[in-house]
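In: Sequence and computational prediction follow.
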Amino acid sequence: MKSFDYFVNRRKFLQSVGITAGALSVKPVAWAQGRKEVSIAGKRIKTVDIHAHASIQNVEEVIRGTELERRIGGPRLLDPSRLVMMNEWGIDVSAISANQYWWYRTDDRSLAADVVRVQDEGFAAWCEEYPDRFVALTSVALQFPDLAAEQLDYAVNELGFRGASMGGHVNGVVPAGPEYDEFWAKAEELDVPIFVHPAGSDNIIQEGALDYAGDLGNIIGNPLETTFFISRLILDGTLDRFPGLKICGAHGGGYLPSYFGRTDVACDAAGGPSINAQGEFIGNAPIQADDCRNQKPPREYLRTQIFADSMVFSDEGLRHLVAEMGPSQVVYGTDMPLGWPDTMDLIINSSYLNNAEKEAILGGNLIRLLRIDRAI
C-alpha cells in the first residue's frame with residue numbers, strides 16, 4: 001500500500017511537468033459508447049493487447065536544448081481516440097509502452113533518468129484515469145544497467161507497472177552479456193515480463209542496405225533484430241543465468257519461430273539430443289556449434305521463457321507460430337495505433353485452436369503474465 005506522502009509527492013511531480021489527471025481525462029461520451037464485446041462459444045472473454053505504442057508530450061520539456069531534442073507527437077500520443085479504437089476492436093485492456101528508445105543515445109545519466117521518469121509518470125497518470133482499460137510497461141535507460149534496474153523497481157513497486165519494454169540492442173550492443181545482469185536480475189526478482197520491440201536492425205545490417213521500396217527496415221529489419229536478440233539470450237546463456245526471466249518478442253517473435261529447427265540442431269546444449277521432423281529429440285546432432293552456452297535444448301526456452309505476439313497476419317502463420325511455441329507462449333498484439341491489421345479474427349476463427357487456447361491467446365496468457373484482474 002502506497003503512503004499518503006507518496007501520493008502527495010507524486011502529485012507535485014506531475015504538476016511540475018504539467019501532467020494532471022484532469023489534463024488526461026475525457027468525457028465518457030467521447031469513448032464509452034459502442035464498445036465491442038468479444039465472446040467465444042457464448043462466453044464473454046477479456047482481451048489484452050501487449051503491443052500498444054504510446055508517448056507523453058511533456059517529455060519535450062525535458063529534452064529541449066539537449067542532444068536528444070525532438071518533437072514528441074503523432075498518433076502515439078494518448079488521447080480519447082485510443083479508447084475509441086480499443087472499443088471498436090474489442091480490446092478490454094491495453095499494455096502501453098514507449099518503444100522508440102531514442103534516449104539510449106545519451107551518455108548523460110541524469111538526462112536519461114529524467115526522460116524515463118517523466119514518461120513513466122505520464123503513463124501512470126493515464127492508467128490511474130482508466131484503471132480498468134490500461135496497464136503500463138516502463139522503457140528504462142538500458143545504457144546504464146544499474147539505473148535501468150532502479151527504474152524498473154520504481155515503476156513496478158511505486159507506479160504499479162507490469163513490466164518493461166526495450167529495444168533489441170543498446171547502441172549496437174545486444175544486452176546479453178554479464179554487464180547487463182543487474183537489470184535482468186531485477187526483472188527476474190520482480191517476476192515481470194520484458195517486451196522487446198525492434199527498430200530496423202541497424203545493429204546488424206550495414207547502413208543503407210534496406211533503403212528500398214516497401215519500408216524494408218520495418219518489414220525485414222524489425223523481425224530480424226528480434227530474432228537476433230532472442231537468439232543471443234538463448235545461446236549466450238542469459239536465460240540460463242536467469243531462469244525466471246520472461247521475454248516477449250514483438251511481431252510474432254521475429255523470424256525465430258519460423259526456422260527454429262536450425263537453432264535446435266546447431267546448439268542443442270553441447271552435443272545433446274537432436275530432433276526429428278516432429279520436433280522430438282532423437283539423438284546427437286550431426287552439426288554442433290561449439291561456442292553455444294545454452295544449457296538446455298533451445299526449444300525448451302521457446303516453450304517456457306519466450307513469448308511472441310500474434311502479429312503474423314495469416315492463418316497459416318498463426319498456426320505455425322502456435323505449433324512451434326505452444327498456445328501458452330503466444331499473446332495478442334496489435335501495434336496500435338499504427339495501422340496494422342488486427343489478428344483477433346484469425347485467432348477466434350482458427351480451426352486448430354480449441355476455445356480454451358483462443359481465450360488464452362486473446363487475454364488469458366497476458367492476464368497471468370501482467371497480473372491483470374480477470375474480472376470483466
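Out: Now that the structure is in, tell me what you want to look at. All values reported here derive from a predicted model rather than from experimental measurement. Numbers count the residues shown, from 1 in each chain.
In: I'd say Met86 and Met336 touch.
Out: Yes. With contact defined as CB atoms under 8 Å, Met86 reaches Met336; the gap is 7.5 Å. No exception for glycine: its C-beta is placed from N, CA and C like everyone else's.
In: now the nearest residue to Ala141 once chain neighbours are set aside, what's its secondary structure?
Out: Distances taken as CB to CB, 6 or more residues apart in numbering place Ala112 nearest to Ala141, at 3.7 Å, with adjacent residues excluded. Using DSSP: H, G, I helix; E, B strand; the rest coil, the structure places Ala112 in helix.
In: And for Ala112, the neighbour number?
Out: Using other CB atoms under 10 Å, the number of residues around Ala112 comes to 23.
In: Now do the strands in the stretch 1-150 of the chain.
Out: 39-40, 43-44, 48-53, 93-97, 134-136 (DSSP state E, counting those that start in this stretch).
In: mind checking which of these is nearest Gly317?
Out: strand 48-53 (15.7 Å; CB to CB).
In: what's the closest one in contact with?
Out: 75-76, 86, 91-99, 195, 197, 248, 250, 309, 311, 331-338, 362-363, 366-367, 370, 372 (CB atoms under 8 Å, 6 or more residues apart in numbering).
In: Is it possible to get a markdown table of the strands of the stretch 1-150 of the chain that adds mean neighbour count?
Out: Below are the strands of the stretch 1-150 of the chain laid out as a markdown table (neighbours: other CB atoms under 10 Å):
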| stretch | mean neighbour count |
| --- | --- |
| strand 39-40 | 14 |
| strand 43-44 | 10 |
| strand 48-53 | 26 |
| strand 93-97 | 26 |
| strand 134-136 | 24 |
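In: want to throw the ones you listed into CSV with distance to Arg303 and mean pLDDT?
Out: Below are those laid out as CSV (distance: least, CB to CB, whole Å; pLDDT from 0 to 100):
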stretch, distance to Arg303, mean pLDDT
strand 39-40, 24, 97
strand 43-44, 27, 96
strand 48-53, 18, 98
strand 93-97, 22, 98
strand 134-136, 25, 98
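In: Would you convert those into JSON lines that also reports distance to Arg319?
Out: Output for the strands of the stretch 1-150 of the chain, formatted as JSON lines (distance: least, CB to CB, whole Å):
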{"stretch": "strand 39-40", "distance to Arg319": "18"}
{"stretch": "strand 43-44", "distance to Arg319": "23"}
{"stretch": "strand 48-53", "distance to Arg319": "20"}
{"stretch": "strand 93-97", "distance to Arg319": "25"}
{"stretch": "strand 134-136", "distance to Arg319": "29"}
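In: out of the ones you listed, which comes closest to Phe228?
Out: strand 48-53 (19.1 Å).
In: which stretches of the stretch 251-376 of the chain have low pLDDT?
Out: 269-290 (pLDDT under 70).
In: Quick one: the strands in it, in order.
Out: Using DSSP E, counting those that start in this stretch, strands in the stretch 251-376 of the chain cover 273-275, 281-284, 306-309, 330-331.
In: Comparing Met86 and Met336, which residue is more hemmed in?
Out: In this view Met86 and Met336 are compared by other CB under 10 Å, and Met86 has more residues nearby, 25 against 22.
In: list the contacts for the closest residue to the more buried one other than its chain neighbours?
Out: Sequence neighbours aside, Ser94 is the residue nearest to Met86 in space, at 5.9 Å (criterion: CB to CB, 6+ apart). When contacts are counted by CB under 8 Å, 6+ apart, Ser94 touches Val48, Asp49, Ala52, Arg82, Met86, Arg133, Phe134, Val135, Met336.
In: Against His53, how distant is the fourth one?
Out: Between Arg82 and His53 the distance is 10 Å, computed by CB to CB, to the nearest Å.
In: Need the overlap of contacts for these two.
Out: Common neighbours of Arg82 and His53 (CB under 8 Å, 6+ apart) are Met336, Pro337.
In: What score does the residue nearest to Phe228 when sequence neighbours are not counted have for pLDDT?
Out: Nearest non-adjacent residue to Phe228, counting by CB to CB, 6+ apart: Ile204, 5.8 Å away. We have a pLDDT of 88 for Ile204.
In: Please apply the same query to the one 5 residues further on.
Out: In the predicted model, Ala209 carries a pLDDT score of 81.
In: returning to that earlier point: could you list every residue that touches the residue nearest to Ala141?
Out: Contacts of Ala112 by CB under 8 Å, 6+ apart are Trp103, Thr106, Ala141, Gln143, Phe144, Leu147.
In: One more: Phe260?
Out: Pro298, Arg299, Leu302, Glu324.
In: run the last query once more with 7 Å
Out: For Phe260, the contact set (CB atoms under 7 Å, 6 or more residues apart in numbering) comprises Arg299, Leu302, Glu324.
In: Buried among those? Need that as a selection in PyMOL.
Out: This is how PyMOL selects the buried members of the contacts of Phe260, with burial counted by 16 or more other CB atoms under 10 Å:
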select buried, resi 299+302+324
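In: Output the contacts of Phe260 as JSON lines; include the columns distance to Gly177.
Out: Output for the contacts of Phe260, formatted as JSON lines (distance: CB to CB, whole Å):
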{"residue": "Arg299", "distance to Gly177": "24"}
{"residue": "Leu302", "distance to Gly177": "21"}
{"residue": "Glu324", "distance to Gly177": "27"}
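In: From the contacts of Phe260, which land in helices?
Out: Using DSSP state H, the subset of those located in helices is Arg299, Leu302, Glu324.
In: nearest residue to the first one other than its sequence neighbours?
Out: Here the nearest residue to Arg299 in space, its sequence neighbours aside, is Asp264; by CB to CB, 6+ apart that works out to 5.6 Å.
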